[in-house]
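> Have a look at this prediction, sequence included:
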Amino acid sequence: MVRVKHELAAWFEEALGRLGWIALAGNLIDRPREPGHGDYSSHVALRLAKSLGQPPLALAQTIVANLPPSPWIERIDIRPPGFINLHLSFEALLSELAHMLDETHPYGHAAPGATRVLIEFVSANPNGPLHIGHGRGAAFGDTLARVLEALGSRVEREYYVNDAGRQMDILALSVWIRYCEHLCDAALDFPSAGYQGDYIRDLALELLEVEGPRFLRTQEQMPETIPPDVEEGDGRDQHIDARIALMKTTLGAKDYEGVLGFARGKMLEVIRGDLADFGVHYDRWYSERSLYEDAKVAEMIRLLEERGETYRRDGALWFRASSHGDEKDRVLMRTNGEYTYFAPDLAYHLDKMRRGYDRLINVLGSDHHGYAPRIRAGLEALGQDPKRLEVRLVQFAVLYRGGQRVQMSTRSGSFVTLRELVEEVGRDAARFFYVLRSEAQHLDFDLDLAKSHSQENPVYYVQYAHARIASLFRESTERGLKPDTGDREAWGQLQQPPERALLTTLTRYPEILEQAAGGYAPHLIAQFLREIAQAFHVYYHAVPLLIEDRALRNARLGLCLATRLILADGLSLLGVSAPSKM
RNA sequence: GCCCCGGUAGCUCAGUUGGAUAGAGCGUCCCCCUCCUAAGGGGAAGGUCGGCGGUUCAAAUCCGCCCCGGGGCACCA
């Protein structure tokens, strides 16, 4: 794959090398906004002026004089105060067009290389269905994975399943109470810290269906050893923990595990289904429990201890995180002998490091931002290079319907699930809207806009351009004007301003992909697809395509096909379909 | 209090790692289907890039302080 921008940068470096001027950090070659400033430009003369003590305009002239001849460039302008503007030759554009039409090598993609990347995203606890916040992480993570793959990385997608610990106990308790309620046909005491959502009742019914009533236990009265339930504070946790303990003794270890295992398995199934229907597929579901079973947590702790990174205080085991850039030291094992969430998670990250990836990417919700320094500190203490870990925080999404903010609250279970969103607006709109904005931005998600099949909806705008081209080809065939995009006879006539503009826009695609991958910025692709669609719609209006002149018609249809291929490619990177009819 | 993210047109947001006259979509106001999909196109109005300093030939972009919005600061996960 040829990347014009790289060619031009190398070209400039050659001239600078000849002159014995040191190459500067940063970009040598830009895309100017102003069309009159050429297809590419360089401000290198401006930046060299100071260190060389010469006026930038004179430097620009010297540099240009030392540029070897290039088939890419037909004209070079030097403009005050010292910009060098480059105008691509028409031949260069046509050569790019040929690349675009080569369907064996998608334009802008790179051949698979040696770089191995592990991207972990979503990793929501399996204690409920995914909600729209997870959806954004899913869309971002998966799109990023696709973009990195397109540029040659070997990417693995991984979901870390927090299937151990207290949350699973709360899930089991919640399901069990609903199960018993259903069997006794009576409302039981439901802890305020339990999971309130309707899906818990569904799980309880399924449990009854599969396992029968064998988990039913009756209890006349709540034992007095159970602290009273409260809405807020420590008492809330104490109450539910006591209820969990009571459930364990009441059911016995085997039946307790029966309920918990069922609920966990079902919940994972639900999540997996939600993601699959969203077009997201994982290479690995990594279980937190397996870390215990394989003694990886204990081993990690031992390693930390050997390295003198731990100490005991107040009966707990602490990690010296503050010696590695974290705000404070962190507890690994609580006074009650149980690990904190941090311990297995650090063991997990150590495991990921040892698996030999060049880069680890974690996509987390923005509420986890304080967590990254802790993991970095841990990895450093374990002798790993924390710079190999890249953490991206995805900001929250807020839904709007009818101009009103849709209220959500996890505690009461009244959140909008990813599945509901997809059912309401469709997968294409959901995925497109999610990645239309930078993940660092709070997202206002307008449900009405996402649903509307009209011009203000950017998804349809882009898809419509694709469908229009497909329609052109159908129409052409129907009229007996069989398209032959291999016919290059009249390529030289693709000189109308709108078609040159379209072609020039398309040549930016490889640069956009590179930027999106390098900056973890898939939103650039969504934005750029809109630009392509716009350039195409303008072209479509301004220039008649299905004309009598066979050669020119084929040339124009070739340009249309190139547009279609790039639109389809970009959409597929976003996980959005490219319909051929709308 | 400390930390992170954000503040750009009426609204929602881009802004190529410091470059030229700050852009797009929507909304508003004009205009365009005898014609390959009007889910489209053309045009107009709309800006103290949160504020004040600083660095630089050049700042929306880098630095400092301040204001506003969101999030985070557990022996929770």
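Yep, it's here.

> how about the helices in the stretch 451-582 of chain A?
Assigned by DSSP state H, counting those that start in this stretch, the helices in the stretch 451-582 of chain A fall at A:458-478, A:497-506, A:509-518, A:523-542, A:550-573.

> Could you check the angle the second one makes with helix A:550-573?
Yep, that's helix A:497-506 we're talking about. For helix A:497-506 against helix A:550-573, the angle by axes from the mean of the first three to the mean of the last three Cα atoms, to 10 degrees is 40 degrees.

> and the stretch 351-500 of chain A, which residues reach RNA strand B?
Residues of the stretch 351-500 of chain A lying close to RNA strand B by Cβ under 7 Å from any atom of the strand are A:366-371, A:393, A:395-396, A:436-438, A:440-444, A:453-456, A:458, A:460-461, A:464, A:467-468, A:470-472, A:475. C-beta: built from backbone N, CA, C; applies to glycine.

> rewinding a little: could you say which one of the helices of the stretch 451-582 of chain A comes nearest to A:Asp294?
helix A:509-518 (33.6 Å; Cβ to Cβ).

> Now do that closest one: which elements does it pack against?
Applying 3 or more Cβ pairs under 8 Å, 6 or more residues apart in numbering; DSSP states H and E, we find helix A:509-518 packed against helix A:4-19, helix A:132-150, helix A:523-542, helix A:550-573.

> Now for chain A, the helix or strand with the poorest mean pLDDT.
Least confident helix or strand, chain A: strand A:404-405 with a mean of 80, by mean pLDDT, DSSP states H and E.

> What's the first helix or strand after that strand?
Counting by DSSP states H and E, the next helix or strand C-terminal to strand A:404-405 is helix A:418-425.

> Show me where the stretch 201-350 of chain A has its helices.
Under DSSP H, counting those that start in this stretch, the stretch 201-350 of chain A gives helices at A:234-277, A:288-293, A:296-306, A:342-354.

> Of the ones you listed, which is nearest A:Thr507?
Short answer: helix A:234-277, nearest of the helices of the stretch 201-350 of chain A by Cβ to Cβ, at 35.3 Å.

> Next, the angle from the closest one to helix A:132-150.
Using the same axes, to 10 degrees: helix A:234-277 against helix A:132-150 is 40 degrees.

> which stretch in the helices and strands packed on helix A:509-518 has the least confidence?
Among those, helix A:4-19 carries the lowest mean pLDDT, at a mean of 85.

> Please determine whether the helix or strand that that one is followed by lies in contact with RNA strand B.
Sequence order places strand A:40-42 as the next helix or strand after helix A:4-19, per DSSP H and E. Yes: Strand A:40-42 lies within reach of RNA strand B by Cβ under 7 Å from any atom of the strand, at A:Ser41.

> other SSEs contacting the next helix or strand after strand A:40-42?
Next along the chain after strand A:40-42, taking DSSP H and E as the criterion, comes helix A:44-52. Judged by 3+ Cβ pairs under 8 Å, 6+ apart, helix A:44-52 is in contact with helix A:56-65, strand A:83-88.

> who's in contact with A:Gly165?
A:Gly165 is in contact with A:288, A:341, counting by Cβ atoms under 8 Å, 6 or more residues apart in numbering.

> Ok, A:Ile119 next?
By Cβ under 8 Å, 6+ apart, the neighbours of A:Ile119 are A:141, A:144-145, A:148, A:155-158, A:360-363.

> With adjacent residues omitted, what lies nearest to it?
A:Ile361 (4.3 Å; Cβ to Cβ, 6 or more residues apart in numbering).

> For burial, what's the neighbour tally of the one you found?
22 (other Cβ atoms under 10 Å).

> show me what contacts A:Phe528?
A:508-509, A:512, A:570.

> Specify the local secondary structure of A:Asp169.
Following DSSP: H, G, I helix; E, B strand; the rest coil, the label given to A:Asp169 is helix.

> Which of the contacts of A:Phe528 sits closest to A:His537?
Among the contacts of A:Phe528, and counting by Cβ to Cβ, the member closest to A:His537 is A:Gly570, at 15.9 Å.

> what's the distance between that closest one and A:Leu557?
20 Å (Cβ to Cβ, to the nearest Å).

> A:Gln569 against A:Met100, yeah?
You called it Gln, but residue A:569 is Asp. No: counting by Cβ atoms under 8 Å, A:Met100 is not a contact partner of A:Asp569; they are 9.7 Å apart.

> In terms of neighbours, single out the busier of these two.
A:Met100 (25 against 20).

> Need phi/psi at that one.
Dihedral pair for A:Met100: phi -60, psi -30, per degrees, to the nearest 10.

> could you list every residue that touches it?
A:107, A:506, A:562, A:565-566.

> quick one: which two of those are the most distant?
A:Leu506 and A:Leu565 (9.4 Å).

> Comparing the two, which residue is more hemmed in?
Using other Cβ under 10 Å, the more surrounded residue of A:Leu506 and A:Leu565 is A:Leu506, with 25 against 21.

> That one contacts A:His99, doesn't it?
No: if you go by Cβ under 8 Å, A:Leu506 and A:His99 don't touch, sitting 10.0 Å apart.

> got any residues that touch both of the two?
The overlap between the contact sets of A:Leu506 and A:His99 (Cβ under 8 Å, 6+ apart) consists of A:Tyr107.

> can you list the domains in chain A?
A:4-88, A:116-159+A:280-394, A:166-277, A:458-573 (automatic domain parsing).

> follow-up on the earlier one: most packed of the helices and strands packed on helix A:44-52?
Of all the helices and strands packed on helix A:44-52, strand A:83-88 carries the top mean neighbour count, a mean of 22, counting by mean count of other Cβ atoms under 10 Å.

> between A:Gly570 and A:Leu557, which one's more packed in?
Set A:Gly570 next to A:Leu557 and count neighbours by other Cβ under 10 Å: A:Gly570 wins out with 26 against 22.

> Next, A:Ile119: phi, psi?
Dihedral pair for A:Ile119: phi -110, psi 120, per degrees, to the nearest 10.

> so where is the stretch 301-450 of chain A shaky, pLDDT-wise?
Within the stretch 301-450 of chain A, the set of residues satisfying pLDDT under 70 comprises A:408-414.

> helix or strand for the residue lying closest to A:Val459 once chain neighbours are set aside, which one?
Of all residues not flanking A:Val459 in the chain, A:Phe432 sits nearest, at 4.3 Å (Cβ to Cβ, 6+ apart). Using DSSP H and E, A:Phe432 maps to helix A:427-436.

> Give me the contact list for that helix.
With Cβ under 8 Å, 6+ apart, helix A:427-436 has contacts from A:135-136, A:139-140, A:143, A:277-279, A:397, A:418, A:421-422, A:425, A:443, A:445, A:450-451, A:457-459, A:462-463, A:522-523, A:525-527, A:574-577.
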